[in-house]
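Q: below is the sequence, then the predicted model.
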Amino acid sequence: MNQQPNNPLHGITLATILNFLVEKYGWEELSNRVSIRCFSANPSINSSLTFLRKTPWARQKVEQLYLNSI
């Protein structure tokens with residue numbers, strides 16, 4: 001198994017990141033910080049995870065917000 005010492009997200013799941021951000025900011029503030037419709041229109045963890053897994057640019061924005069928030 002390859003080690004990734006320079007990757008701060010290594011071992012952290014997308015679900016963990018999203019749950020952290022929702023708990024810290026709430027859906028409304030999260031949609032203000034990252035302009036993604038799945039955060040503002042009827043948001044849920046499952047629908048957001050599905051969207052983020054299929055959309056690399058959106059996932060990158062969410063991961064960057066997570067890194068800036070911790």
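A: Yep, that arrived.
Q: what about the helix or strand containing Ile17, distance to the chain center?
A: Per DSSP states H and E, Ile17 falls inside helix 14-33. Here helix 14-33 is found 7 Å from its chain centre; the criterion is Cα atoms, centre = their mean, to the nearest Å.
Q: beyond it, next helix or strand please.
A: The first helix or strand that comes after helix 14-33 along the chain, using DSSP H and E, is helix 37-40.
Q: what about Leu67, how many residues nearby?
A: The number of residues packed near Leu67 is 12, by other Cβ atoms under 10 Å. Placement of C-beta: from N, CA and C, glycine included.
Q: cool, and Glu23?
A: 8.
Q: against Thr16, how distant is it?
A: Distance, Glu23 to Thr16, by Cβ to Cβ, to the nearest Å: 11 Å.
Q: now do Glu28
A: Distance of Glu28 to Thr16, computed by Cβ to Cβ: 21 Å.
Q: pLDDT below threshold where in this structure?
A: 1-4 (pLDDT under 70).
Q: so what's Val34 closest to, chain neighbours aside?
A: Lys61 (5.0 Å; Cβ to Cβ, 6 or more residues apart in numbering).
Q: just how off-centre is the helix or strand harbouring the one you found within its chain?
A: Following DSSP H and E, one finds Lys61 within helix 56-69. Relative to its parent chain, helix 56-69 has a centroid offset of 6 Å by Cα atoms, centre = their mean.
Q: other SSEs contacting that helix?
A: On a contact count with 3 or more Cβ pairs under 8 Å, 6 or more residues apart in numbering; DSSP states H and E, helix 56-69 meets helix 14-33, helix 45-54.
Q: what angle do it and helix 45-54 make?
A: Angle, helix 56-69 to helix 45-54, by axes from the mean of the first three to the mean of the last three Cα atoms, to 10 degrees: 110 degrees.
Q: quick one: contacts of helix 56-69?
A: Outside of helix 56-69, the residues within contact range by Cβ atoms under 8 Å, 6 or more residues apart in numbering are 8-9, 14, 17-18, 20-21, 24, 33-34, 36, 51-53.
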